[in-house]
Every structure is written in C-alpha cells, then in structure tokens.
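Visitor: Curious how this folds, go ahead:
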Amino acid sequence: MSNAPSHAQRVLRQRAERLARAVRSDSEGHAELEMAVCSVGDELFGFPVEQLREIVALPATTRLPGCPDWMLGIAQVRGTLLSIIDLGRFYRISGAEPPQHVAIVNAPEGPLGFTVERVVSYRRVLAGELGGAGSLARAEGRATLGVTGDLVVVLDLPRLVAQPELVLT
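Guide: Sure thing, here's the model as predicted:
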C-alpha cells in the first residue's frame, strides 16, 4: 500500500489551499476579496470566504418560541448546534423563495447560519471596485463592505454578526 495521496485528496487539498488565501493584494497593492455569491430573492450577497466556514443544505431546524420571524431556530450541523437566521426575512427582501442552503459563518459566540436560496458562484473582487450604491445597501445601511458593479452586496460578516439583535446572550 502506498502512502501517496490519491488524486481526489490532492484536488481537495489544492482547493482548500486556494480558499485559505481569502485576501491578498495585486501588484499595485489593491486588496482582493474572495467571496461566495448567493441569492436571496432578487438580491445577490457576497460572503467573504475569510469568515465563511461552509455552505450546506438547509438542515432540519427547530423553531424556538418567542423569537423574531427572521430567526428560523436552531439546527445541528456536523455535531455543532447553531442558530439559523433567515437572511431574506432579516433584510425584509420581498419575493424570496424558501431557503435551500445555509451559509455558516464564524462569530465570536460560535458559528451562525444564514439561509440563502442558491449558491450562484465563487469569485474575486478588488476592494477598490466596491461602491456604496445598491438597493439593499442604501436602504438598510447594514453591515456591508459595498456593492460590486453587477450589484452583489458584499457582506461585512464581523459587523453583521455583532449587530445587537443577533448577539446571543
């Protein structure tokens, strides 16, 4: 038996190494941000991979009494119990379909899940390309790094999970 890694293991390791390089600078010193682009209704959200743990199919969720409508409840993912936030309801996005996936992000109190409808793409954007315009960013002013030219709202995940309504005590 050989100790050499299989082709699948090499591919997975290469992907992990590529994702681990979340932010870097180009030759002119512009910061580059890597993100997973997900849809909720007609909005597109960019989840910076630096704070993104993983995106999984929406697990069975247990609703908790007395929670706001945007708090779907709690769920277990890979042995970890986490709160699940309906991103469409949290941002009051009309026309949102039932969520299919959960983007799990790192938060100081532990992982937190945000529902999304679809995972659209994985891409890089230069920080200098982010503008402040865009329907959601302008209307809500909540925890965004900016909006790309094609209207992807790039989330500021540390600021989002630190919002008072999301801090679990």
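Visitor: partner residues bridging the spatially most central residue of the chain?
Guide: For the chain, residue 47 is the residue whose C-alpha lies nearest the centre (Cα atoms, centre = their mean; 3.5 Å). For residue 47, the beta-bridge partners under DSSP bridges are residue 36.
Visitor: Spit out the contact partners of it.
Guide: 35-38, 55, 103, 105, 114, 155, 157 (Cβ atoms under 8 Å, 6 or more residues apart in numbering). In short, each C-beta sits where N, CA and C put it, glycine included.
Visitor: ok, the residues you listed vs residue 80, which is closest?
Guide: residue 105 (12.6 Å; Cβ to Cβ).
Visitor: Restricting to C-alpha, output stretch 80-99 in PDB.
Guide: Backbone C-alpha positions of stretch 80-99 (Å, rounded to 0.1, in the frame of the first residue of the first chain) are rendered in PDB as follows:
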ATOM      1  CA  THR A  80     -22.400  21.700  16.300                       C
ATOM      2  CA  LEU A  81     -25.600  23.400  17.400                       C
ATOM      3  CA  LEU A  82     -26.100  26.800  15.700                       C
ATOM      4  CA  SER A  83     -28.700  29.500  15.300                       C
ATOM      5  CA  ILE A  84     -30.200  29.800  11.800                       C
ATOM      6  CA  ILE A  85     -31.100  33.300  10.600                       C
ATOM      7  CA  ASP A  86     -33.400  33.700   7.500                       C
ATOM      8  CA  LEU A  87     -31.400  36.300   5.600                       C
ATOM      9  CA  GLY A  88     -34.400  37.200   3.400                       C
ATOM     10  CA  ARG A  89     -36.600  38.000   6.400                       C
ATOM     11  CA  PHE A  90     -33.800  39.700   8.300                       C
ATOM     12  CA  TYR A  91     -33.300  42.100   5.400                       C
ATOM     13  CA  ARG A  92     -37.000  42.200   4.500                       C
ATOM     14  CA  ILE A  93     -36.500  41.000   0.900                       C
ATOM     15  CA  SER A  94     -39.800  40.600  -0.900                       C
ATOM     16  CA  GLY A  95     -40.200  37.700  -3.200                       C
ATOM     17  CA  ALA A  96     -37.700  35.500  -1.500                       C
ATOM     18  CA  GLU A  97     -38.200  31.800  -2.200                       C
ATOM     19  CA  PRO A  98     -37.900  29.200   0.600                       C
ATOM     20  CA  PRO A  99     -34.200  28.900   1.500                       C
END
